[in-house]
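# Need the 3D shape of this:
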Amino acid sequence: MEHPVQITFRGLEPTDALAKAVEDRAYDLEQYFNKIQSCKVVVESSHRSHRQGNLYHVRVRLAVPGEEIVVSRDPAEHAQNEDMYLAINDAFKETVRRLEDYVRRRRGRVKEHVGPPRGRVVRLFPDEEYGFLEDAEGREIYFHSNSVLDGAFPRLEVGSEVRFAEEAGEKGPQASSVSLI
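Purely as a prediction, here's the structure:
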C-alpha cells in the first residue's frame, strides 16, 4: 500500500487488538491488488438500549487507480454486527468482492451478455415449409417452419431479420427457435 492504513474509531475505545485486526484485514487486500493507493477504515459504535447490545458500523474506503471503492456495513442491515469483529470481517469480505470486480474490469475480463445469434432470411420455400438464413459470418443455415416461433413462418420474407439458436442437423447446421425481429 502506498500509504499506511488510516483507522478511525468513533464512540468506542480503540484497543491494540482491534487496531491489529483492522490492519491485518486491510493489508490482506494487497494480495488481490497490489496498487492500492490508500485505505481508510472507520469503526463506530451506535449506542442502543441495554436490551440490545451495541451495533457496530464499519466503513472501508480504498483509493485505487482511477476509482474509489467504498464499502459501508450498516447495523440496521446486519444483525450480527453486535460483534465488532464480525462487523469488521463482513466489511472486508465485501471490500474483497468489490476489489476483485475492479481488477476484472481493469483487465477486461468482465463477462458480457451475448444474446442469441442474428441472421436474415436469404431463401424461402413456403410451399415446402423451409428456408435458409444467413448468419453474421455469411454462412447459410437451414430452418424448417416448425422451428419458427409464434407461428411467424407465413410472415417471413427474404431479407427478414431473425434471431435463432444453431444446432447440428443431419445435413449440416440448422436453426431452431427462429424468432422474427
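
# Which helix or strand lies directly C-terminal to whichever strand or helix holds residue 121?
Under the criterion of DSSP states H and E, residue 121 resides in strand 118-125. Remark: after strand 118-125, the chain's next helix or strand is strand 130-135, criterion DSSP H and E.

# Extract the CA atoms of whichever helix or strand comes after that following strand and return them as CSV.
Downstream of strand 130-135, the next assigned helix or strand under DSSP H and E is strand 140-144. The C-alpha trace of strand 140-144 is given here as CSV (Å, rounded to 0.1, in the frame of the first residue of the first chain):
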residue,chain,number,x,y,z
GLU,A,140,-26.3,-20.3,-44.8
ILE,A,141,-28.2,-22.2,-42.2
TYR,A,142,-31.3,-24.3,-42.9
PHE,A,143,-34.5,-23.9,-40.9
HIS,A,144,-37.9,-25.6,-41.0
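
# Tell me the buried residues in the strand holding residue 121?
119, 121, 124 (16 or more other CB atoms under 10 Å). Using the backbone N, CA and C atoms, a C-beta is placed for each residue, glycine as well.

# Dump that strand to PDB, keeping only the CA atoms.
Output in PDB follows, covering the C-alpha atoms of strand 118-125 (Å, rounded to 0.1, in the frame of the first residue of the first chain):
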ATOM      1  CA  ARG A 118     -28.900 -12.900 -35.500                       C
ATOM      2  CA  GLY A 119     -29.300 -13.500 -39.200                       C
ATOM      3  CA  ARG A 120     -31.500 -12.700 -42.200                       C
ATOM      4  CA  VAL A 121     -33.600 -14.900 -44.400                       C
ATOM      5  CA  VAL A 122     -31.900 -15.300 -47.800                       C
ATOM      6  CA  ARG A 123     -34.000 -18.100 -49.400                       C
ATOM      7  CA  LEU A 124     -37.600 -19.100 -48.600                       C
ATOM      8  CA  PHE A 125     -39.600 -22.100 -49.900                       C
END
